[in-house]
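Participant: Below are the sequence and a predicted model for it; my questions follow.
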Amino acid sequence: MDAYSEIKEGEKGAWVSIIAYICLSALKLWIGFLSGSQALLADGLNNTTDIMASFAVLIGLKISRKPPDHNHRYGHFRAETVAALVASFIMIAVGIQVLYQAVQKFFQPTLETPNMLAAWIALLCAVVMLFVYRYNIRLAKKINSHAITAAAQDNRSDALVSLGAFIGIVGSQFGLPWLDPLAATAVGLIICKTAWSIFKDASTALTDGFDEKELDKIKQTVAGTPGVESIKDIKARIHGNNVLVDVIIQVNGDLNVVESHDITEEVEERMLMEHNISHVHVHIEPVEAIS
């Protein structure tokens, strides 16, 4: 499966999230309003923004599938990373709003005890989102998509949020109604934490950051290639669902062009087989003489 086919496959995950969020947010907001549950209302509000975030991921994936043009010689793969960044901004804005409303609820003179129906709805939604998370995280690993990974992280946080809402609502039935707005506060904190994680990963990728441990593994693979005497320099960066590697290797200066070229092909083949990296630029230099 090539990069463009993988991105198209990733669009299925975005659609699964969108459909799930539309159904669950409508259910949560309706039952939350009828039962008077602040935690369930906060959870439903979170899901409405998740719809927008998932659409942003979907749009980013569609743009990523555009072929290279005269202005984008490397293609449009980073569009999905930009989409993940946009999704993080949407999530953190909602997280702050949920926290604000939850704190306000603590200072109201009376705190209502929500109906137990809200608790069972929250638990049902948590189970549904766990299934959506499992689907998307498997898909993200299969196609190496940062956008779908971000969507899966959002799915998981939503499952935990709904579980927290369930605990808060059940606790309020035992004369502790403040547990419900407390659960809403936890909802806001989880949303903000997840948003920060997505923002950090996306911004690192967009600024050509790369995991140092992963780069060391790549370096070991190149260094272990027959004919490679040493590595003068190596760099790697994320480009959408691809990893781009630039490496300068030193080889025996007595090798001819064909022999040197064979070494570069061996490096490229090993990178594909061991790290699933198909974009490798190898520059060859002769071993520097020791004076």
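Facilitator: Done, it's in.

Participant: Can you classify the residue nearest to the spatial centre of the chain as helix, strand or coil?
Facilitator: The centroid of the chain falls nearest to Ala150 when counting by Cα atoms, centre = their mean (1.9 Å). Reduced to three states with DSSP: H, G, I helix; E, B strand; the rest coil, the structure at Ala150 is helix.

Participant: Next one, pLDDT for it please.
Facilitator: Here the pLDDT value assigned to Ala150 is 81.

Participant: pretty sure it contacts Asp201?
Facilitator: Yes. Using Cβ atoms under 8 Å, Ala150 is in contact with Asp201, at 7.2 Å. Just so you know, the C-beta spots here come from the backbone N, C-alpha and C atoms, and that holds for glycine as well.

Participant: about what we covered before: now the residue nearest to the centre of the chain: how far from Ala119?
Facilitator: Look at Ala150 and Ala119: by Cβ to Cβ, to the nearest Å, they are 29 Å apart.

Participant: between Ala150 and Asp201, what contacts are shared?
Facilitator: Shared contacts of Ala150 and Asp201 (Cβ atoms under 8 Å, 6 or more residues apart in numbering): Ala84.

Participant: And the longest helix that the chain contains, how far out from the chain middle?
Facilitator: Of all the segments assigned as helix in the chain under DSSP state H, the longest by residue count is helix 3-35. The chain centre lies 15 Å from the centre of helix 3-35; the measure is Cα atoms, centre = their mean, to the nearest Å.

Participant: Report all helices and strands that whatever helix or strand comes next after that helix contacts.
Facilitator: Toward the C-terminal end, the helix or strand that comes next after helix 3-35 (DSSP states H and E) is helix 38-64. Packing contacts for helix 38-64, counted by 3 or more Cβ pairs under 8 Å, 6 or more residues apart in numbering; DSSP states H and E, involve helix 3-35, helix 79-106, helix 116-143, helix 146-172, helix 179-206.

Participant: quick check: mean pLDDT across helix 38-64?
Facilitator: pLDDT averaged over helix 38-64 gives 83.

Participant: Next one: the residue nearest to the centre of the chain relative to Asn256, how far apart?
Facilitator: Computed as Cβ to Cβ, the Ala150 to Asn256 distance reads 48 Å.

Participant: CA-only coordinates of stretch 168-176, as PDB, when you get a sec.
Facilitator: This file holds the C-alpha atoms of stretch 168-176, laid out as PDB (Å, rounded to 0.1, in the frame of the first residue of the first chain):
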ATOM      1  CA  GLY A 168     -19.600  11.400  39.400                       C
ATOM      2  CA  ILE A 169     -23.300  10.800  38.700                       C
ATOM      3  CA  VAL A 170     -23.400   7.600  40.700                       C
ATOM      4  CA  GLY A 171     -21.600   9.300  43.600                       C
ATOM      5  CA  SER A 172     -24.200  12.100  43.600                       C
ATOM      6  CA  GLN A 173     -26.900   9.500  44.300                       C
ATOM      7  CA  PHE A 174     -25.400   8.900  47.700                       C
ATOM      8  CA  GLY A 175     -25.800  12.400  49.000                       C
ATOM      9  CA  LEU A 176     -22.600  13.800  47.300                       C
END
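
Participant: What residues of that stretch count as buried?
Facilitator: Using 16 or more other Cβ atoms under 10 Å as the test for burial, stretch 168-176 gives 168-172.

Participant: Let's have the residues you listed in a markdown table, adding distance to Ile22 and pLDDT.
Facilitator: Below are these laid out as a markdown table (distance: Cβ to Cβ, whole Å; pLDDT from 0 to 100):
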| residue | distance to Ile22 | pLDDT |
| --- | --- | --- |
| Gly168 | 24 | 78 |
| Ile169 | 23 | 80 |
| Val170 | 27 | 84 |
| Gly171 | 29 | 81 |
| Ser172 | 28 | 76 |
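
Participant: so which of those residues would you say is closest to His239?
Facilitator: The nearest member of these to His239, counting by Cβ to Cβ, is Gly168 at 42.7 Å.

Participant: pLDDT below threshold where in the protein?
Facilitator: When residues are selected by pLDDT under 70, those of the chain lie in 1-3, 108-114, 289-291.
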